[in-house]
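S.K.: Return a 3D structure for these sequence lines:
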Amino acid sequence: MTIEAPQSFVVSQECQKVAWQNGYRRALGEVGGWARYGSTTAKGTIWFAAGGHEGPWFLALDHLGIAEDLALPQTDMPGPGLVRYAFSNLTTLYAVMPRVYQLGVTLPDGPLEEFRAAVENLPKSTEAERLVIQRVGQDIFRDRLMTYWQGRCPLTGITDPALLRASHIIAWKDCASDAERLDVHNGLLLSALWDAAFDRGLVTFDDDGQPQFSVKLSDAARLELRWYAPLPLNDKLRSRLKWHRTSLFDRDH
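M.R.: Prediction:
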């Protein structure tokens, strides 16, 4: 596949529009037909190129975490960044860009940086003060999980914010560091009933995202834990769910 180099006015304007409309507003120049953009809020930089004003269109990323979560077919064409993707038209390119930005602001350490800035000048000597700091971290964690899971419980489809809970897979108290506590791959966005069951080890999930129910869960409760699709998981979520299955899930007969 060949790209237009240098970019024509039309291609350049289209690249700028897709970047600006999706949170990447720092123009970082063009090299070899690839226009590079950055963001003040999202990690990594992105590149756009095209074969002409009618396409195909190309996207390159230098953030491996975004690429892993996107799980899109990659192209082996030469170019910048760590991975590159091809799109037959602008519509399909626009369709993936909101997710690119969402992942850019949550991976890998966006919540941790926000937390450190928020608590930098807060006192930490008493238990009450430490609880305030914990609440700040939990609020940031919930906000970023809302972004990562796109404001939706993946099991039930519920989107009402008041009914959604930020569920730590490895509990806050059991995490070895703030980085682990605030990692979105250590969290699920679940409806309130699912969160309560998950937090108490009455339900967990296998490597395919299928629920596993404790024998201590009543038939009535299990009936109310309705779900319509398994959890979409990547390897980082699977590794933490393994901890949940072995450390918290109630298997007693």
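S.K.: can you tell me how far the spatially closest residue to residue 182 that is not a sequence neighbour sits from residue 94?
M.R.: Spatial nearest neighbour of residue 182, chain neighbours left out: residue 111 (4.0 Å); criterion: C-beta to C-beta, 6 or more residues apart in numbering. No exception for glycine: its C-beta is placed from N, CA and C like everyone else's. Going from residue 111 to residue 94 by C-beta to C-beta, to the nearest Å gives 27 Å.
S.K.: who has more neighbours, the two?
M.R.: Counted by other C-beta atoms under 10 Å, residue 111 and residue 94 do not tie: residue 111 has more neighbours, with 27 against 15.
S.K.: the domain parsing of the protein - what is it?
M.R.: Taking automatic domain parsing as the criterion, the chain consists of the domains 9-105, 110-247.
S.K.: Now do the last one, average pLDDT.
M.R.: The pLDDT scores in domain 110-247 average 94.
S.K.: Please report how far the closest residue to residue 99 other than its chain neighbours lies from residue 100.
M.R.: Of all residues not flanking residue 99 in the chain, residue 70 sits nearest, at 6.6 Å (C-beta to C-beta, 6+ apart). Distance, residue 70 to residue 100, using C-beta to C-beta: 7 Å.
S.K.: quick one: which of those two has more around it?
M.R.: residue 100 (23 against 18).
S.K.: Work out for me the element the more buried one sits within.
M.R.: Assessed by DSSP states H and E, residue 100 sits inside helix 90-106.
S.K.: Give the buried residues for that helix.
M.R.: Buried positions in helix 90-106, judged by neighbour count with 16 or more other C-beta atoms under 10 Å: 90, 93, 97, 99-106.
S.K.: from these, which is closest to residue 170?
M.R.: Within those, distances to residue 170 taken as C-beta to C-beta reach their minimum at residue 106, with 17.3 Å.
S.K.: The closest one is in contact with residue 142, isn't it?
M.R.: No. Counting by C-beta atoms under 8 Å, residue 106 stays clear of residue 142, with 11.9 Å between them.
S.K.: Now do the shared contacts for those two.
M.R.: Common contacts of residue 106 and residue 142 (C-beta atoms under 8 Å, 6 or more residues apart in numbering): none found.
S.K.: so how far is residue 44 from the residue nearest to residue 99?
M.R.: Distance from residue 70 to residue 44, counting by C-beta to C-beta: 12 Å.
S.K.: My guess is residue 212 contacts residue 201. True?
M.R.: No. Look at residue 212 against residue 201 with C-beta under 8 Å: they stay out of range, at 10.8 Å.
S.K.: count of neighbours near the nearest residue to residue 109 once chain neighbours are set aside?
M.R.: Of all residues not flanking residue 109 in the chain, residue 179 sits nearest, at 6.6 Å (C-beta to C-beta, 6+ apart). Residues lying near residue 179 (other C-beta under 10 Å) number 14.
S.K.: Quick check: the gap between residue 179 and residue 69.
M.R.: Using C-beta to C-beta, residue 179 is found at 18 Å from residue 69.
S.K.: where exactly do the helices run in the chain?
M.R.: For the chain, the helices defined by DSSP state H cover 9-20, 64-70, 90-106, 110-119, 127-148, 178-181, 192-199, 219-224, 235-247.
S.K.: what's near enough to touch the closest residue to residue 38 other than its chain neighbours?
M.R.: Closest residue to residue 38 in three dimensions, ignoring its sequence neighbours and counting by C-beta to C-beta, 6+ apart: residue 26, at 3.9 Å. By C-beta under 8 Å, 6+ apart, the contact list for residue 26 reads 37-40.
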